[in-house]
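Q: please work out how this folds:
(3 chains)
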Amino acid sequence: MTQFGKGCHLHLIDGSAFIFRAYHALPPLTRKSDGLPIGAVSGFCNMLQKYVEDNAGPDAPTHVAVIFDKGSHTFRNDLYDQYKANREAMPEDLRPQIPLTRDATRAFNIACIEKEGFEADDIIATLARQAREAGGAVTIVSSDKDLMQLVGDGVVMLDAMKNKIIDRDGVFEKFGVWPDRVVDVQALAGDSVDNVPGAPGIGIKTAALLISEYGDLQTLLDQADTVKQPKRRQTLIEKRDQIELSRRLVQLDDQMTMDDVTLDDLEVREPDADTLLAFLTDMEFRTLTKRIAISLNAEAPAIPQTAPQAATTEEAPDLPPIDPAAYVWIKTADDLTPFIAQAHQRGWVAVDTETTGLNEMTCDLVGVSLAIEPGQACYIPLIHRATATDDLFGNDDLAEGQMPLDDALALLKPLLEDPSVIKIGQNMKYDAKVLSRYGIGITPIDDTMLMSYAMHAGLHGHGMDTLSDRYLSHTPIPIKSLLGSGKSMITFDRVPIENAVKYAAEDADITLRLWMLFKPQLHRARVTRVYEGLERPLVPVLADMERAGVQVDRETLSRMSNAFSQKMAQLEDEIHELAGEKFNVGSPKQLGEILFDKMSLPGGKKGKTGAYATGADVLEDLATEHDLPGRVLDWRQISKLKSTYTDALQGHINPDTGRVHTSYSIAGASTGRLASTDPNLQNIPVRSEEGRRIREAFVAPQGRALVSLDYSQIELRILAHMADISALKQAFRDGLDIHAMTASEMFNVPMDEMTPDIRRQAKAINFGVIYGISGFGLARNLRIPRSEAQGFIDRYFERFPGIKTYMADTTAFAKEHKRVETLFGRVIHTPEISASGPRAGFAKRAAINAPIQGTAADIIRRAMIRMPQAIAGIPATMLLQVHDELIFEVDTGAEDDLIATAKRVMEGAAEPVVKLDVPLVVDAGKGRNWAEAH
DNA sequence: TGATTCACG
DNA sequence: GACGTACGTGAATCAG
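A: Numbers count the residues shown, from 1 in each chain, chains lettered A, B, ... in the order given. Next up, the predicted model:
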């Protein structure tokens, strides 16, 4: 063994870069024998092997190590809590591969270095310094620009993919300064990937210019008042703290204490053929095993041929049939432990919870089912009752053959919370919410409903019955057959356990089979990023929001209900008086007969069911003829407010929390929007004065306030970007009133002569464009002749020809591919696009609207996913989402802090994946209730 | 259960 | 030439 010193050459390989490159470059391979994801490991081994082959010549290194990141919290997070906060979560199928890449490195007999709480870059910096001080040369195998500050003085970088050396000149080419000033440039330019703020408005080019002129960052900041450009000067002076913070973030730490590793430990060693080949064989890499066996002059061990588990075609894989008789009833801890052990070993388990109801906030956990292999599933009954009802004396005994609830949960908790075991479920938000009330934080999760949503939105629903029917050709046991329906319906805890086992375990079995089918399809459908980045991470965020709920004041609602009752009774009397007879004002059928048959008012049109139409637009037209229609409109408005809001909302106040807990469906709307149910809190009135007062009942508790932030004109901004309309984009950049600007363009009216009416018409056209405009629709909306509306549209297309092109391109794309996409890759299928008749019109307009509405939905999803981390230091809770608005509750005094932070997250939510040509603007409000905050 | 109506973005 | 239309949702109500 030689002492590291002069003549030695150390190679430091950036392991994380290898892993991510391998993961993204390769399709999602799985180990054939058991389905373990191994695509990244395979790519990693190939890259290591290629590296070894490429570096065997006279320049071969004498010492080598692969360096990995370990842990997510580093000293940089202590400096700046937003450091790397933009990072998307590690894909679920990559996580189990991380330890395997360490194993692979060791199998190649290469030193493998990681240190808790340190980034690989700092370890590399430290080892490089040590090697230089000992007189050796260093090559850093990476193309990461963050490492370029280390280049020079015997240190070079090697881009292993391009096999290209990056030396001082290469760094100068990239940064415009020599390596010793790279951190200064990075500190100014910032980095959106790592979320290093830098100086706003200054990029690498400007930064390099400034640094070259002033020599270094310190001098530049000290003499910032001499910078000629006023904007730069102002930024440098005002953002000095932020820039200095950025410098500390990008500066690598080369003074780490590496007490357990010395350079001498890194000496190049020949791989041990048996060890390496055993590892590769175990991974079942056939080609690579053979290739390496040849290079090592060794015999390649045989890899047993096993039947492929997940089929590569669309056919269902060859699996045991679904057989409810084969499922296991777990009665004791001894029955359960083997299942749990197997789940740990496998790295995944399908989970389903059974409860006494559908409301996760109030129902009780009745049992849990698990599935580990197709056909191999069990059910753990927990509180099933012995009889169908309690007896006359109120006795209600538990059934035999159940584990005590606490014992079962104590055994399950470590499994459900184990970060190395994926918990698979269908609509996991439900199970996560139920389990969280029992002190279990289930993680990490995979969700078959969301996988289907990512792949099949627009094609069909994503409930388990639909998916099982379609993709497994199996109809699950209907829940009705166990619970009955209507008045005699029972709760799940009254279902005899032998029946419950069949039903519940089947659900877990089906979920597991769907997962095995869908998981490899995500990559092929090119929606892995959508699923991993927009669907899966939203589950815990929404679960927390729903559990938090919003405080609603029953007194306020009840007072309003009473007032509405009186007003309705009064209006009813007037209506009956005007009609000359009593009838049910709430019955469109009776109303139609009164209006058109008895009173013979004009415009009576019957729909396909033979009933007169009595919608608001019809009644508004009739209001000029008679007093009655107007009264009915008033009555309807109040009736709506009372029944749907002031009355129904009171019934949704949870008695335990005093708050209303909505439920968001993630996979409901085809465009990517959320939908709110039980109750729907996305349609609380705001447009009418009376309706808006209902928002006064949504309050913050004592000592807190509500804060609302909403995107301004987000869909029009997205349209301007996607259709690339320079006039609209410029208007948004200039912060103009977009509807007034449109009106000015279309009607040749100067902005300072704009009237509200002209602006209103332009606004209607702008909205019409988003919805897939038609002359008829615009005419009806604006109540103008159809020919005039068509004239507006023609003129609009003349002024903004890009819009017409965009619409034509979008429909052509939809026709060709039977789908459209958002800027973030969300896929919305449009199967009806080639239909004939009126359905074609619907499909076409939907296809035009979906990418715009969907992109807006993607953006706010991204903001919501980042929000919990971003506001972690503020005493605030995110409560509600209303498509382009987020509502928070916050301690009084911290409102402005929250607004600043949440605004930053929302306005930057598209980045770094999409760089919009228009700014996103968020407006904010605060108050004691929602009416004040909005 | 389906149609109608109307609340929201 | 006629069809029928703005896009996306959920809830309450009536009527069969």
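Q: ok so residue A:446 is a helix residue?
A: No: assessed with DSSP: H, G, I helix; E, B strand; the rest coil, residue A:446 is strand; it does not lie in a helix.
Q: so it makes contact with residue A:92?
A: Yes: in this structure residue A:446 lies within contact range of residue A:92 using CB atoms under 8 Å: 5.7 Å. C-betas here are computed from N, CA, C, even on glycine.
Q: more neighbours: which of these two?
A: Ranked by neighbour count (other CB atoms under 10 Å), residue A:446 and residue A:92 place residue A:446 first, with 22 against 19.
Q: and the more buried one, what does it touch?
A: A:92, A:348, A:422-425, A:428, A:515, A:519, A:536 (CB atoms under 8 Å, 6 or more residues apart in numbering).
Q: swap in residue A:610?
A: So residue A:610 contacts nothing (CB under 8 Å, 6+ apart).
Q: assign it to helix, strand or coil.
A: Reduced to three states by three-state DSSP, residue A:610 is coil.
Q: was I right about residue A:343 contacting residue A:373?
A: No: in this structure, residue A:343 is not within contact of residue A:373 by CB under 8 Å, at 10.4 Å.
Q: ok, now how distant is residue A:248 from DNA strand C?
A: 46 Å (CB to the nearest atom of the strand, to the nearest Å).
Q: residues touching whichever strand or helix holds that residue, excluding its own?
A: Element membership for residue A:248 (DSSP states H and E) is helix A:240-250. Contact partners of helix A:240-250, identified using CB under 8 Å, 6+ apart, comprise A:76, A:79-80, A:83, A:146, A:149, A:183-184, A:186-188, A:190-191, A:194, A:196-199, A:217, A:221, A:224, A:236.
Q: put the alpha carbons of it into PDB.
A: C-alpha atoms of helix A:240-250 as PDB (Å, rounded to 0.1, in the frame of the first residue of the first chain):
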ATOM      1  CA  ARG A 240     -27.100  42.800   0.000                       C
ATOM      2  CA  ASP A 241     -28.100  40.400   2.800                       C
ATOM      3  CA  GLN A 242     -29.800  38.100   0.300                       C
ATOM      4  CA  ILE A 243     -26.700  38.000  -1.900                       C
ATOM      5  CA  GLU A 244     -24.400  37.400   1.000                       C
ATOM      6  CA  LEU A 245     -26.600  34.600   2.200                       C
ATOM      7  CA  SER A 246     -26.600  33.100  -1.300                       C
ATOM      8  CA  ARG A 247     -22.800  33.200  -1.300                       C
ATOM      9  CA  ARG A 248     -22.700  31.200   1.900                       C
ATOM     10  CA  LEU A 249     -25.100  28.700   0.400                       C
ATOM     11  CA  VAL A 250     -23.100  28.100  -2.800                       C
END
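Q: following element in sequence after it, please.
A: helix A:273-283.
Q: residue in chain A nearest to DNA strand C?
A: residue A:768 (2.2 Å; CB to the nearest atom of the strand).
Q: do the helix or strand that contains that residue and DNA strand B meet at all?
A: Using DSSP H and E, the element containing residue A:768 is helix A:756-770. No: judged by CB under 7 Å from any atom of the strand, helix A:756-770 and DNA strand B are separated, with a smallest distance of 8.6 Å.
Q: okay, now the domains of chain A?
A: A:9-266, A:324-537, A:550-660, A:714-854 (automatic domain parsing).
Q: looking at the third one now, give me its mean pLDDT.
A: In other words, domain A:550-660. Averaging pLDDT along domain A:550-660 yields 93.
Q: please apply the same query to the longest one.
A: Rounded to a whole number, the mean pLDDT of domain A:9-266 is 89.
Q: start to end distance for it?
A: From its first residue to its last, domain A:9-266 covers 11 Å (CA to CA, to the nearest Å).
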